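Trainee: I would like the atomic coordinates for the input below:
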Amino acid sequence: AEMARLLESLARATNEAVTPEAAMTDCLGLICTHGLWLIGRVALYRKGEPWGEPLRSIWHTADRARFAELIAYSDGHVPAPGGAFLSRVLQEQLAIWVEDIELRPGFTRKALLTKSGLRCAFAFPIIVRGAVVAIMEVFGDKPRPQDPFIMGAAQSLASQLARLLEREAAQQANARMAAIVESSQDAIISRSLDGTILTWNAGAERLLGYTAAEIVGRNLVVLYPPELKAKLFDRQRLVLQEKAASSFETVRIAKNGRRVHVSLSSAPIRDSSGEAWGISTIMRDISEHKIAEQDLNESRERLRWVLDATGIGLWLNPLPLMDLNWDSHTCELFFLPPGARPTAEWFWARLHPEDREPTRLAVEAALRDRTLYAMDHRVMNPKTGEIRWIRSAGKAIYDANGAAIRFDGINYDITDEKQAEAERLENAARQ
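Mentor: Numbers count the residues shown, from 1 in each chain. Modelled structure (predicted):
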């Protein structure tokens with residue numbers, strides 16, 4: 001009956017307490033009062049750091065002045081490895097009962113305890129997910145044999161407090177997550193497996209125009225453009241199988257009917273048994289990116305039209321010059337066969353022997369002096385011996401440390417120009 005009353009009191013204390021710390025305070029008082037312990041403490045540790053100083057301590061005693069020295073020492077020191085009391089509780093994760101402190105070797109605080117008139121001790125750990133997060137210890141003024149009644153009550157209490165700590169940690173994590181979701185600039189929504197929207201944050205409201213009150217409870221398909229509605233569950237199936245790409249670009253329909261380009265990242269929401277019951281999605285507006293991408297593509301098309309119309313070739317070469325990045329026009333100008341990958345070796349081999357050294361010096365000067373590279377040189381077809389005059393112009397790009405990292409420019413055919421010039425010189429010589 002006595003055991004039942006104590007357990008009932010401890011259970012009521014843990015259930016009615018507002019916080020785990022309040023529950024520990026009440027339970028420590030009940031343990032001390034019932035067991036006639038003169039002083040008791042709950043030492044709370046950072047998770048994963050029980051061998052450090054306590055994060056904080058909760059003490060219970062009717063004569064704090066008497067035990068002031070013990071309290072100060074206990075709060076400021078860490079359990080000594082190899083000790084006979086708290087160290088064993090931490091290492092073995094079991095309750096430890098010391099019948100007579102004076103007879104127990106290796107008791108770190110023995111001198112302080114005996115000086116305070118304390119002779120017996122009992123401590124037990126509170127374990128959350130395999131880690132000791134707190135220790136409750138109590139001390140009496142007389143040697144006493146181990147009490148299975150107290151040991152049993154302590155084991156039950158430790159389990160209740162551990163569940164309370166886990167519940168508070170989960171509530172705090174949920175609160176932090178809710179705050180992150182609500183303050184996020186991205187749209188974050190969750191839905192059930194039938195497509196019903198369950199949560200809708202402020203970012204989703206800014207992006208798509210619906211308030212949470214307007215959209216929660218409706219089916220996600222309302223956000224899909226007509227051509228994508230049939231694909232809702234195809235995408236969901238991949239997400240649940242965890243085969244979906246980490247990021248997925250698509251289109252959603254805002255409240256005002258506007259098509260919004262978005263990047264999606266989705267993940268299944270699972271219960272404690274691992275069963276998926278919903279899907280969470282982070283949605284980011286990429287409309288500006290898509291507009292910029294479209295503008296860039298249009299600019300590229302216009303540039304390609306100009307290059308095709310004029311016969312100008314591009315070269316965009318990383319440094320040092322090894323594998324070269326040439327467009328198709330430049331490859332044609334240098335007599336490279338289709339599919340061949342241009343290299344620096346190809347470039348120098350195609351140059352007329354008399355033009356190789358002047359070209360090399362011009363490249364070195366442009367890189368060294370950060371000046372424009374401009375060169376007229378001849379290119380030879382190794383199979384037919386045909387010679388083509390090429391005019392090249394370009395400039396290097398440098399990193400933040402001043403090192404040249406790229407050498408980019410253009411080429412175009414000036415063979416006709418060179419031939420006309422040679423003819424003019426020849427005619428002038430005849431005259």
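Trainee: what about the stretch 151-300 of the chain, any weak spots by pLDDT?
Mentor: 169-183, 243-246 (pLDDT under 70).
Trainee: can you do 90?
Mentor: For the stretch 151-300 of the chain, the stretches flagged by pLDDT under 90 are 151-195, 199-203, 226-250, 264-300.
Trainee: in it, which spans are strands?
Mentor: Ranges of strands within the stretch 151-300 of the chain are 187-192, 197-200, 248-253, 259-270, 276-285, based on DSSP state E, counting those that start in this stretch.
Trainee: for the ones you listed, which one ends up most surrounded?
Mentor: Ranked by mean neighbour count under mean count of other C-beta atoms under 10 Å, the strands of the stretch 151-300 of the chain are led by strand 187-192, which reaches a mean of 21. (Glycine included, C-beta is placed from N, CA and C.)
Trainee: tell me the angle that one makes with strand 248-253.
Mentor: Between strand 187-192 and strand 248-253, the angle comes out at 90 degrees (axes from the mean of the first three to the mean of the last three C-alpha atoms, to 10 degrees).
Trainee: sorry, back to before: of the strands of the stretch 151-300 of the chain, which is nearest V128?
Mentor: Minimum separation from V128 across the strands of the stretch 151-300 of the chain (C-beta to C-beta) falls at strand 259-270, 21.3 Å.
Trainee: contacts for the closest one?
Mentor: With C-beta atoms under 8 Å, 6 or more residues apart in numbering as the test, strand 259-270 has contacts from 187, 190, 207-208, 225, 235, 239-240, 242, 244, 246-254, 276-287, 289-290.
Trainee: Go through stretch 391-406 and flag the buried ones.
Mentor: For stretch 391-406, burial by neighbour count (16 or more other C-beta atoms under 10 Å) applies to 391-392, 394-396, 404.
Trainee: Mind checking the pLDDT average for that stretch?
Mentor: Averaging pLDDT along stretch 391-406 gives 92.
Trainee: Out of the strands of the stretch 151-300 of the chain, which is closest to F149?
Mentor: The closest of the strands of the stretch 151-300 of the chain to F149 is strand 259-270. By C-beta to C-beta, the value is 42.1 Å.
Trainee: and the closest one, which strands flank it?
Mentor: Strand pairing for strand 259-270, using DSSP bridges, gives strand 248-253 (antiparallel), strand 276-285 (antiparallel).
Trainee: and the first one, C-alpha only, in CSV?
Mentor: Going back to what we said before, that points to strand 248-253. C-alpha atoms of strand 248-253 as CSV (Å, rounded to 0.1, in the frame of the first residue of the first chain):
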residue,chain,number,x,y,z
PHE,A,248,11.8,19.4,-59.8
GLU,A,249,10.8,22.4,-62.0
THR,A,250,7.2,22.8,-62.9
VAL,A,251,4.3,25.2,-63.1
ARG,A,252,1.5,26.0,-60.6
ILE,A,253,-1.6,28.2,-60.9
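Trainee: from the middle of its chain, how far away would that strand be?
Mentor: 23 Å (C-alpha atoms, centre = their mean, to the nearest Å).
Trainee: State the three-state secondary structure for the residue nearest to H377 when sequence neighbours are not counted.
Mentor: Computed as C-beta to C-beta, 6 or more residues apart in numbering, the closest residue to H377 that is not its neighbour in sequence is D355, at 3.9 Å. Classification of D355 by DSSP: H, G, I helix; E, B strand; the rest coil places it in helix.
Trainee: And D355, what's its pLDDT?
Mentor: At D355, pLDDT is 95.
Trainee: Quickly note the distance from it to L425.
Mentor: Counting by C-beta to C-beta, to the nearest Å, the gap from D355 to L425 is 19 Å.
Trainee: if you count what's nearby, which of the two comes out ahead?
Mentor: D355 (18 against 9; other C-beta atoms under 10 Å).
Trainee: out of the strands paired with strand 259-270, nearest to T19?
Mentor: Distance to T19, taken as C-beta to C-beta, is lowest for strand 276-285 among the strands paired with strand 259-270, at 29.4 Å.
Trainee: Output that closest one as PDB - backbone C-alpha positions only.
Mentor: Provided in PDB are the C-alpha atoms of strand 276-285 (Å, rounded to 0.1, in the frame of the first residue of the first chain):
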ATOM      1  CA  ALA A 276       3.800   7.300 -45.100                       C
ATOM      2  CA  TRP A 277       0.600   9.300 -44.400                       C
ATOM      3  CA  GLY A 278       1.400  12.500 -46.300                       C
ATOM      4  CA  ILE A 279       3.800  14.500 -48.300                       C
ATOM      5  CA  SER A 280       5.600  17.800 -47.500                       C
ATOM      6  CA  THR A 281       6.700  20.100 -50.200                       C
ATOM      7  CA  ILE A 282       9.000  23.200 -50.400                       C
ATOM      8  CA  MET A 283       8.100  25.400 -53.300                       C
ATOM      9  CA  ARG A 284      10.300  28.200 -54.600                       C
ATOM     10  CA  ASP A 285       9.400  30.800 -57.100                       C
END
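Trainee: can you give me how far it is from the chain middle?
Mentor: Here the centre of strand 276-285 is set off from its chain's centre by 17 Å, with C-alpha atoms, centre = their mean.
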